[in-house]
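1. coordinates for the following, if possible.
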Amino acid sequence: VQLVESGGGLVQPGGSLRLSCAASGFTFSRSELSWYRQAPGMERELVATISTTGGSTNYADSVKGRFTISRDNTKNTVYLQMNSLKPEDTAVYYCNARVQLIIVSVYWGQGTQVTVSS
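-> Numbering: from 1, shown residues only. Predicted coordinates for the structure are as follows:
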């Protein structure tokens, strides 16, 4: 099982980034997918979640209207489009997959750093 994030980096306030998470080794289309983030000294927090079909999404209040989660089940990839970035968005962003077949399995990526600074 692998979840590999990419797309992080340094961006100025007000800028945009698109994170990608490429998955392999499990039934991607049956997975609920999420992005989490963790800032230094803070607990990991849920940023956004998308349902198996992409028909339902949920966002943390702090990112609503600025971030968009999407998925492409043909490419086994989930995305996080981040617009109007703020310094408080600085964190390591993690991809998460929750697969419910007979049992529930949860997988994490290694994380990608996003730094918003002038």
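2. pLDDT score assigned to the residue positioned nearest the centre of the chain?
-> Closest to where the C-alpha atoms of the chain average out (C-alpha atoms, centre = their mean) is residue 35, at 2.6 Å. The score at residue 35 is 98. That number is its pLDDT.
3. just residue 102 next, same as before
-> At residue 102, the model reports a pLDDT of 86.
4. number of residues surrounding it?
-> Counted by other C-beta atoms under 10 Å, the residues lying close to residue 102 total 5. (C-beta placed from N, C-alpha, C; glycine too.)
5. now it: how far from residue 21?
-> Separation of residue 102 from residue 21 (C-beta to C-beta, to the nearest Å): 24 Å.
6. who touches residue 9 in this structure?
-> Counting by C-beta atoms under 8 Å, 6 or more residues apart in numbering, residue 9 makes contact with 17, 113-115.
7. let me know the average pLDDT across the helix or strand residue 19 falls within.
-> Using DSSP states H and E, residue 19 maps to strand 17-24. Confidence for strand 17-24, expressed as mean pLDDT, is 97.
8. listing partners with orientation, what would you give for it?
-> Note on strand 17-24: by DSSP bridges, its sheet partners are strand 2-6 (antiparallel), strand 77-82 (antiparallel).
9. so how far is the first one off the chain centroid?
-> In other words, strand 2-6. Chain-centre distance of strand 2-6: 10 Å, with C-alpha atoms, centre = their mean, to the nearest Å.
10. and for stretch 21-31?
-> With C-alpha atoms, centre = their mean, you get 14 Å for stretch 21-31.
11. what about residue 63, which helix or strand?
-> Using DSSP H and E, residue 63 sits in no helix or strand.
12. surely it meets residue 49?
-> No - with contacts counted by C-beta atoms under 8 Å, residue 63 stays clear of residue 49, the gap being 11.7 Å.
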